[in-house]
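**Student:** the following block contains a protein sequence and its predicted model.
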Amino acid sequence: MIRTILSVFYGGKVKQTLNLKTFAVAVALGAGLLLSGCKSAPELTATQAQTLIQAKYDQTPPVGANITVDDLGMRQGISAKYWNKTKGYPNGFWADFTLTDDGKKAVKLANGGSVIEWRPESQTDKNFSVVMTTVAANHLKAKDAQDPQDDVAGTKTAIYNEAVSLDGVPGPLQDIAHNPGNKLSSKHTASFSVDGGAWKLQSIN
């Protein structure tokens, strides 16, 4: 009788101890799985973000830069011998200008031809302009990226400047490109997400 009581007492205590140990192991394993599931995303610096954006631009075919040419630009183009006046009109302020051989090596006209149709509204109209594209083609440049900020669903966004490259563009045409009315850079926002444990460029707006 005494042996039976001891057996029940100690046997129950042993089972209780085993149950407690099993519970502790289960809690530890659960905590480990929870921590591994909440692993934080890798760091994304402004430099890394800019590198990812530039890589996207470098994968895109190079393009010529659009240049707005106003009254000042037209006079600069004549001085640089990019075009010559080949026709005047009775009103005294309309004219046609034809690209020279040097001009054809520097710019392309929107209409695909070689004649610039200069059609201001009046003799004093200084706002009229035409758009030309540089023959020299380049990749866009990502510059001045700001520190990425947390966005929705674990993504990040970074504001940066998208700049036109004038590499290979003749000096006089670069001067025209820097006249008022030309926009050689603009602000954009890039979005990034984690893919395979690394940050990837998602979109550019």
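**Tutor:** Structure received. Numbering: from 1, shown residues only.
**Student:** residue boundaries of the helices in the chain?
**Tutor:** Under the criterion DSSP state H, the chain contains helices at 2-37, 46-59, 71-79, 101-106, 171-177.
**Student:** show me where pLDDT drops low in this protein?
**Tutor:** Applying pLDDT under 70 to the chain flags residues 1-39.
**Student:** again, only this time at 80
**Tutor:** Within the chain, the segments meeting pLDDT under 80 span 1-41.
**Student:** the longest strand in it is where?
**Tutor:** With DSSP state E setting the assignment, residue counts place strand 185-195 as the longest strand in the chain.
**Student:** quick one, it and helix 46-59 angle?
**Tutor:** 100 degrees (axes from the mean of the first three to the mean of the last three CA atoms, to 10 degrees).
**Student:** outside of strand 185-195, which residues touch it?
**Tutor:** With CB atoms under 8 Å, 6 or more residues apart in numbering as the test, strand 185-195 has contacts from 41-42, 44, 49, 52-53, 143, 145, 148, 151, 154-164, 199-205. Just so you know, the C-beta spots here come from the backbone N, C-alpha and C atoms, and that holds for glycine as well.
**Student:** same question for stretch 57-73.
**Tutor:** 77, 107-108, 120, 126-142, 164-166, 169, 173, 176-177, 179-182, 184.
**Student:** who touches the closest residue to Ala142 other than its chain neighbours in this structure?
**Tutor:** Closest residue in space to Ala142, ignoring its immediate chain neighbours: Ile53 at 4.0 Å, by CB to CB, 6 or more residues apart in numbering. Contacts here follow CB under 8 Å, 6+ apart; on that basis Ile53 touches Ala142, Ala145, Ala158, Tyr160, Ala190, Leu201, Ile204.
**Student:** the same query, at a cut-off of 10 Å, please.
**Tutor:** The contact partners of Ile53, taken as CB atoms under 10 Å, 6 or more residues apart in numbering, are 140-143, 145, 158, 160, 162, 188, 190, 192, 201, 204.
**Student:** mind giving me the PyMOL select for the contacts of strand 185-195, buried ones only?
**Tutor:** PyMOL command restricting the contacts of strand 185-195 to the buried ones, with burial defined by 16 or more other CB atoms under 10 Å:
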select buried, resi 44+49+52+53+145+148+155+156+157+158+159+160+161+162+164+199+201+202
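**Student:** and Asn91, how many neighbours?
**Tutor:** Applying other CB atoms under 10 Å, we find 11 other residues in the vicinity of Asn91.
**Student:** do the same with Ile116
**Tutor:** Ile116 has 25 neighbours, counted by other CB under 10 Å.
**Student:** distance of it from Phe128?
**Tutor:** Distance of Ile116 to Phe128, computed by CB to CB, to the nearest Å: 11 Å.
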